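**Student:** let me see the structure of the following:
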Amino acid sequence: MKTSSIPILSFVLLSAAPLLADTPAVPQAPPTSTPAATATAKEAIPSADSLVNQSLSLLINIQQTLAATQDKESADKAAKTLEGIQKDIKHFQDLMNKLSDAEQEKAFDLLEKMEERGKRLEESCKQEGKRLVKADFYNSTALKDVMNNSDELSEFIEQDEEEGRPASGGDEQDEE
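**Tutor:** So this is what the prediction gives:
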């Protein structure tokens, strides 16, 4: 599996596919809990090119959502939007898992070609995440929960070791 310098979220999005490549492809019934999962079983599997574009679109959506958060109301709205994006990520991963090994490899190659753009987007997301931590998520418990409890999103609020502990939105924040 290629992981050299693929941006974090793109890697997360694509990482499930190669892990499952060693297991035999056994058709599975979609979970009955979500209508989106049922729709996935009926839809065509997009190309690797399309999925790579989707991964960048997901990053752009996350960045725009975080950037638009300026107060408690927009923070609560962002939490709902990010929950929807998490569902999109899961859907995306399901589609990636259905690609052939050759298409998965092509997706990784395409991601490497778009590495700089992905890194810029992720850095922007991290900057927005730091801003939200500093603002204590504008007192939005929902946003704090979704950011702290999501494998895909928590990467954007973790602080560097020299800056302090991982973001909790609590005790070590300066009061303004």
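**Student:** low pLDDT regions in this protein?
**Tutor:** Across the chain, the ranges flagged by pLDDT under 70 are 1-43, 159-176.
**Student:** so what secondary structure elements neighbour the longest helix seen in it?
**Tutor:** Counting residues, the longest helix in the chain under DSSP state H turns out to be helix 72-97. Judged by 3 or more Cβ pairs under 8 Å, 6 or more residues apart in numbering; DSSP states H and E, helix 72-97 is in contact with helix 8-20, helix 35-42, helix 48-67, helix 141-148. (Glycine included, C-beta is placed from N, CA and C.)
**Student:** ok, now with 10 Å
**Tutor:** helix 8-20, helix 35-42, helix 48-67, helix 101-113, helix 141-148 (3 or more Cβ pairs under 10 Å, 6 or more residues apart in numbering; DSSP states H and E).
**Student:** could you check the angle that helix makes with helix 48-67?
**Tutor:** Angle, helix 72-97 to helix 48-67, by axes from the mean of the first three to the mean of the last three Cα atoms, to 10 degrees: 170 degrees.
**Student:** buried stuff in helix 72-97?
**Tutor:** Neighbour counts over helix 72-97 (16 or more other Cβ atoms under 10 Å) mark 72, 74-79, 81-82, 85-86, 88-97 as buried.
**Student:** same check, this time on stretch 99-107
**Tutor:** Buried, per 16+ other Cβ under 10 Å, within stretch 99-107: 99, 103-107.
**Student:** closest to residue 68 out of those?
**Tutor:** Nearest to residue 68 among the buried residues of stretch 99-107: residue 107, at 29.1 Å, using Cβ to Cβ.
**Student:** for that closest one, which non-adjacent residue is spatially closest?
**Tutor:** residue 48 (4.0 Å; Cβ to Cβ, 6 or more residues apart in numbering).
**Student:** distance of residue 82 from residue 99?
**Tutor:** Distance of residue 82 to residue 99, given as Cβ to Cβ, to the nearest Å: 26 Å.
**Student:** likewise for residue 71?
**Tutor:** Residue 71 is 41 Å from residue 99, by Cβ to Cβ.
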